[in-house]
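**Q** attaching a predicted model along with its sequence, questions to come.
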Amino acid sequence: TDAPAVLVYVHGGGFVLFHNSSSGFHRLARSFAQAAPLVVVSVEYRLAPEHVFPAGIHDVYEALQWCAYGEHPALDLCGPAGSRSIAVAGDSAGGNLASVVTLLAARGVGASLKPVEKSPKIAHSVLIYPWIFPVPPAIDLPSRARNRDAFILPT
């Protein structure tokens, strides 16, 4: 049988909220593992404002490197180091971080933008409502008017 892939999952939260153990993100990561032959690694990354940019990118890239080349009984199920099938996924801010580390790996550079000796080969990238293009607050969008009193949006 084929070895399962490794899914590196990065949670959302606007770069400032939540942890990979938060109930919604934990359930989502578990559902990935139950739905497909995957070993899911849910990444805990440093959050702002306590940690300045690009701390989160460094953390996610380090986790990606570990998943590709590290040793752990769960990772060993996915094949030998360096030949594992790697997928990267994230939602919201996690989608941003997932897209960034995917691009870094494809270009053979690390989070410091310097060439790396070994760059993970990413087979799949899944971006779930990624926070990629921020919309300036000055732009008047109908959805902002409809949701101005919503739980997470400031008034």
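**A** In hand now; what should we look at?

**Q** and the strands in this protein, which stretches?
**A** Using DSSP state E, the strands assigned to the chain run over residues 5-10, 38-43, 86-91, 122-128.

**Q** could you dump those strands to CSV with mean neighbour count?
**A** (Each C-beta comes from the backbone N, C-alpha and C, glycine too.) Formatted as CSV, those follow (neighbours: other C-beta atoms under 10 Å):
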stretch, mean neighbour count
strand 5-10, 25
strand 38-43, 21
strand 86-91, 24
strand 122-128, 16
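
**Q** got these as TSV, with distance to residue 75 columns?
**A** TSV is the format used below for those (distance: least, C-beta to C-beta, whole Å):
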stretch	distance to residue 75
strand 5-10	7
strand 38-43	7
strand 86-91	10
strand 122-128	15
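
**Q** now do the residue lying closest to residue 125 once chain neighbours are set aside against residue 95, distance only.
**A** Closest residue in space to residue 125, ignoring its immediate chain neighbours: residue 102 at 4.6 Å, by C-beta to C-beta, 6 or more residues apart in numbering. Counting by C-beta to C-beta, to the nearest Å, the gap between residue 102 and residue 95 amounts to 10 Å.

**Q** now swap in residue 71 and tell me
**A** For residue 71 relative to residue 95 (C-beta to C-beta), the value is 29 Å.

**Q** count of neighbours near the residue nearest to residue 125?
**A** 23 (other C-beta atoms under 10 Å).

**Q** and it, what is it in contact with?
**A** Residues near residue 102 by C-beta atoms under 8 Å, 6 or more residues apart in numbering: 88, 122, 125.

**Q** including pLDDT and distance to residue 29, could those go into TSV?
**A** Below are these laid out as TSV (pLDDT from 0 to 100; distance: C-beta to C-beta, whole Å):
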residue	pLDDT	distance to residue 29
88	97	13
122	95	18
125	94	16
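
**Q** so where is this protein shaky, pLDDT-wise?
**A** Applying pLDDT under 70 to the chain flags the ranges 1, 17-23, 133-139, 144, 150-155.
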